[in-house]
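Participant: Everything below, folded, please.
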Amino acid sequence: MYKIIGADGKEYGPVTFEQLKEWIAENRVNAQTRILTEGASEWRSLAEIPELAAMLPSTPPPSASGVPPMADASP
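Facilitator: Here you go, the predicted structure:
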């Protein structure tokens, strides 16, 4: 079981692993969502919890300048 801090700053839960999987798929939670796992005393980001981080969608890393590369405009 898990508890989360929502974007509104409110605490939600306890929720099951299956519920969190659904929320990840629906983009209701993300890598920065604060999570408290059952039995833990410290909140962590979702990305710090291996079994949840593995379900996050993978995105390409940003470019060094922080600006996404331009698409090829060739016809």
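
Participant: Identify the residues contacting the closest residue to residue 32 other than its chain neighbours.
Facilitator: Of all residues not flanking residue 32 in the chain, residue 45 sits nearest, at 5.5 Å (C-beta to C-beta, 6 or more residues apart in numbering). To be clear about C-beta, it is placed using only N, CA and C from the backbone, and glycine gets the same treatment. Contact criterion C-beta atoms under 8 Å, 6 or more residues apart in numbering gives 31, 32, 33, 34, 35 as the residues in contact with residue 45.

Participant: For residue 23, see how far away residue 45 is.
Facilitator: Relative to residue 23, residue 45 is positioned 15 Å away (C-beta to C-beta, to the nearest Å).

Participant: and which of the contacts of residue 45 is nearest residue 11?
Facilitator: Closest approach between the contacts of residue 45 and residue 11, by C-beta to C-beta: residue 34, at 9.1 Å.

Participant: Test my guess that that closest one contacts residue 43.
Facilitator: Yes. Here residue 34 lies in contact with residue 43, judged by C-beta atoms under 8 Å, at a distance of 4.7 Å.

Participant: between these two, what contacts are shared?
Facilitator: When contacts are counted by C-beta under 8 Å, 6+ apart, residue 34 and residue 43 have residue 5 as shared neighbours.

Participant: Mind checking which of the contacts of residue 45 are in strands?
Facilitator: Among the contacts of residue 45, DSSP state E puts 34, 35 in strands.

Participant: Out of the contacts of residue 45, which comes closest to residue 15?
Facilitator: Among these, residue 35 lies closest to residue 15 (C-beta to C-beta), at 9.7 Å.

Participant: and the closest one, how far is that from residue 27?
Facilitator: Counting by C-beta to C-beta - residue 35 and residue 27 are separated by 16 Å.

Participant: for the protein, what spans make up the helices?
Facilitator: Secondary structure of the chain (DSSP state H): helices located at 17-25, 50-53.

Participant: Of all the ones you listed, which one is nearest residue 10?
Facilitator: Nearest of the helices of the chain to residue 10, taken as C-beta to C-beta: helix 17-25 at 14.5 Å.
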